[in-house]
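>>> Structure of the sequence below:
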Amino acid sequence: MIDSTTIPGEQKAASRAKIIVPAAIFIAIAILPFVLKNRFYLSLINEMMIFGLLAMSLDVLLGYTGLLSFMHNAYLGIGAYIVGLFLIHVSPTSLWLACLVGVIATSLIALPVGWVQVRTGGLAFALLTLAFGMMFFTIVWKWYSLTGGDDGLMGVPSPEVHLFGWHLGNTGDPAVMYLLTLFVVSSCYVLTRRIINSPFGAVLEAIRENEERASFVGINVRKYKLYGWMLACILAGISGALFILYKGYIGPTTMSAFAGAGILMMVLLGGMGTLWGPLVGSAIFIYIQDYISTMTEHWEIYLGVVVIFLVLFMPKGFVGLGNYLKLLRKG
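Residues are numbered from 1 along each chain as shown. Reported below is the predicted structural model:
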């Protein structure tokens, strides 16, 4: 009889790879500020990580709960504006307090919105996210005295960064901001992965697969949809805090429907229901956008064509491409 605790060699190798590969990627990304001389590329990767976190938060809704949010970027904007206003008007040196206030305020705003939205589903839910998103966009666009209106929120201070007793510098330094972003994004990824792999994550997936059947077996569907919504909005608020610290500025276009479509494209490019897929998708999307925009001012047209072809030929995103290569190898 084979011992049930015995793990075949292939499974052992796969288990080791799940630890070694992410660790190697993290180390490689972490040493970039010390070896990469061009600060532009450092800032570009920083932006990829911030929007990767936002795309990952949307994946919690779309990939795991089956809820489509058209303007999830609105919650990045809310978090960014609140952190920026706190640093300008309350305490320009309190980095972690400002981030905490921003995330809590984003959660408090998202809670009643989610309470309304989870009473619907499917297309109605998606349209409500669009309606609330446009409402938030209009508020920041018109409330000039507070948000700066179409000029945006400018003059955000660059607070000092203290991490585990170490003084890294201030957020105006691209290398310091890069390391701060890497720490926060990787921590959010690990924590979200643990949540998704818990029984809570299994409940979300059950709702995604068949909401009616999930309710029949005793799951409070509305409650868990609200929990999933709140988790996604908290992550979006964190990405907003990083965004305002990285840019030192935010304008209402960051919260527009066009920008929201870009976040959705990132999730589709990387692959839904994976968490790490949207991180890859955001990197691809931002790189393509940056590359094409250097050649033409009409970059949106060409970017759209590229994304259409990628979605048509890789409907499961780059995650699906990896599975396809495995099948080819076995064949």
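>>> Now do the phi/psi pair for the closest residue to residue 160 other than its chain neighbours.
In space, and not counting its chain neighbours, residue 160 is closest to residue 170: 5.1 Å by Cβ to Cβ, 6 or more residues apart in numbering. Bear in mind the C-beta positions are built from the backbone N, C-alpha and C, glycine included. Backbone torsions for residue 170, taken as degrees, to the nearest 10, come to phi -120, psi 160.
>>> Send me stretch 82-101 as PDB with only the CA atoms.
Extracted in PDB, the C-alpha atoms of stretch 82-101 (Å, rounded to 0.1, in the frame of the first residue of the first chain):
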ATOM      1  CA  ILE A  82      -8.400  61.700   0.700                       C
ATOM      2  CA  VAL A  83      -4.700  60.800   1.300                       C
ATOM      3  CA  GLY A  84      -3.700  63.900  -0.600                       C
ATOM      4  CA  LEU A  85      -6.100  66.200   1.200                       C
ATOM      5  CA  PHE A  86      -4.900  64.800   4.600                       C
ATOM      6  CA  LEU A  87      -1.300  65.400   3.800                       C
ATOM      7  CA  ILE A  88      -2.000  68.900   2.500                       C
ATOM      8  CA  HIS A  89      -4.400  70.200   5.200                       C
ATOM      9  CA  VAL A  90      -3.900  68.000   8.300                       C
ATOM     10  CA  SER A  91      -0.400  66.500   8.600                       C
ATOM     11  CA  PRO A  92       2.200  66.600   5.800                       C
ATOM     12  CA  THR A  93       4.600  64.200   7.600                       C
ATOM     13  CA  SER A  94       2.200  61.400   8.700                       C
ATOM     14  CA  LEU A  95       2.600  58.900   5.900                       C
ATOM     15  CA  TRP A  96       1.100  55.800   7.500                       C
ATOM     16  CA  LEU A  97      -1.700  57.800   9.300                       C
ATOM     17  CA  ALA A  98      -2.700  59.400   6.000                       C
ATOM     18  CA  CYS A  99      -2.800  56.000   4.200                       C
ATOM     19  CA  LEU A 100      -4.900  54.600   7.100                       C
ATOM     20  CA  VAL A 101      -7.300  57.500   6.900                       C
END
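>>> just use 46 as the starting number from now, easier for me
OK, 46 is where the count begins now, so the last one is stretch 127-146.
>>> Just want the most central residue of this structure.
What sits nearest the mean C-alpha location of the chain, by Cα atoms, centre = their mean, is residue 99, with 1.7 Å.
>>> My guess is that one contacts residue 282. True?
No - assessed by Cβ atoms under 8 Å, residue 99 is found out of contact with residue 282, at 9.9 Å.
>>> Common neighbours of the two, please.
Contact criterion Cβ atoms under 8 Å, 6 or more residues apart in numbering; residues shared by residue 99 and residue 282: residue 121.
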